[in-house]
Structure formats: structure tokens, C-alpha cells
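**Q** Predicted structure and sequence below. I'll ask about it afterward.
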Amino acid sequence: AQRVTQPEKLLSVFKGAPVELKCNYSYSGSPELFWYVQYSRQRLQLLLRHISRESIKGFTADLNKGETSFHLKKPFAQEEDSAMYYCAKTSYDKVIFGPGTSLSVIP
Amino acid sequence: DTEVTQTPKHLVMGMTNKKSLKCEQHMGHRAMYWYKQKAKKPPELMFVYSYEKLSINESVPSRFSPECPNSSLLNLHLHALQPEDSALYLCASSQLGFVMNTEAFFGQGTRLTVV
């Protein structure tokens, strides 16, 4: 079965500290992976996708096929980064979301 | 216009009521989706429409009935729901379907409470 796992339900870091949100996926063909973010009282929105190799709001994510991982990283966390983060994988018109990690940045 | 608009924002309905959730997008997207999201859980896919045809039904109970009247509109008809159906219902759209690695745009959701 296609699966996306995020081992941490909750993650707290201090402002200015590095942050890494972990994501692992079950491998099937060429993975198409995304990170979505849901800020408080806002709609779910795309943060970044692996294929474009972009940096959004200082976040980056590298696909590691050997470890089947797609961890999200930011060198210096900001308070406005506090949100729910979902790693997601596409499969035949479906998006399979991981369970999510709630990031809390402490001032 | 890069928004997906859902109405109503909140809905309270009894178990014998019939109601509908509405979703609209004007981005020219040809794939539209319904998701259900319980508190502190990820969205769960319910239905996918591609080119106005139902392409995926994730074994959703028949008390939920989707409808896609045209390429801009998506409805979810509700009948004889149970209290456990209370959740945030999200609509999303994308250009050609997620398999093409395109971005999905989500609505704000309808907060449904079944009493």
C-alpha cells in the first residue's frame, strides 16, 4: 500500500533554531512528493514540491530515494512558521497525505 | 482568481435533513476533489472528478452524493448523515490531476456538524 509517514506529531523549536520535519514514503515507481501547510484558520496550501527543487519561505526539501525520505528543512525558524505540515504523495489522481506534524516555534 | 470558494462555511444539520455543500473555482481546472478532515487528522480523499466525470470514489457511503454540474462547480449532497460524519469538508481543484505533479488548490472548507 502507498504510505506516507511523519514520525513526529508535534515539534517545538525556538525561534532562530534549525527545523527539520521528517517524511518517509513507501516506494512505488517515481514518487511525486509535496509538502502542504495549514496555518491556523487558513486553508491548506502547497508549500513546495520535489520536482521543482525550489525554496519557499526559506524551506527546502530534498528527495532521497535511497532512504525514501523527503524531509523539510529550514535553517532558522520564525514564529510565523508555526502551523500544521503535511507531507503528501501522489498516486493515480490521488493525494495521499501523511498524518501531519504540528510545528510550534517558541519566541 | 486563484481561489476555491466553498459555501456554506458552517452547517448544522439533523440526521434526517438533506443539505448540499457547494464548491466553485474559476481557474479552468479540470480535476476537482472532495476531502473529509477530522480534527488533528490529515484530509481523507472522498471523491475525484476529472473532466466532470466521477473517476474515484473512495468507498464513501451513499449518504454522500457528489455532483459536478459543470467544470467550475462541485456539489456534495448530504442525506441521513450520522453524528460521526461531523468534520471539515474540503474541496480542491487542480489543473490536470495530481498525477501530473500540479498544485492542488484547497477551499477554506465547510465545518459540518450533524446533530
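**A** Nice, I can see it.

**Q** low pLDDT regions in chain B?
**A** B:1, B:97-101 (pLDDT under 70).

**Q** Which strands and helices lie in contact with the lowest-mean-pLDDT helix or strand in chain A?
**A** Lowest by mean pLDDT, DSSP states H and E among the helices and strands of chain A is strand A:94-97, with a mean of 82. Secondary-structure packing of strand A:94-97 (3 or more C-beta pairs under 8 Å, 6 or more residues apart in numbering or on different chains; DSSP states H and E): strand A:83-91, strand B:44-50. To be clear about C-beta, it is placed using only N, CA and C from the backbone, and glycine gets the same treatment.

**Q** how close does B:M32 get to A:D93?
**A** Distance of B:M32 to A:D93, given as C-beta to C-beta, to the nearest Å: 11 Å.

**Q** who touches both of the two?
**A** B:V48 (C-beta atoms under 8 Å, 6 or more residues apart in numbering or on different chains).

**Q** And the two? Which one has more around it.
**A** B:M32 (25 against 19; other C-beta atoms under 10 Å in any protein chain shown).

**Q** which residue is nearest the centroid of chain B?
**A** Closest residue to the average C-alpha location of chain B: B:W34 at 2.8 Å, with C-alpha atoms, centre = their mean.

**Q** what is it paired to in the beta sheet?
**A** B:F47, B:C91 (DSSP bridges).

**Q** Make sure it is actually in contact with B:E44.
**A** No - under the criterion of C-beta atoms under 8 Å, B:W34 makes no contact with B:E44, lying 9.9 Å away.

**Q** shared neighbours, those two?
**A** What both B:W34 and B:E44 touch, as defined by C-beta under 8 Å, 6+ apart, is an empty set.

**Q** number of nearby residues for B:Q95?
**A** Counted with other C-beta under 10 Å, B:Q95 comes out at 15.
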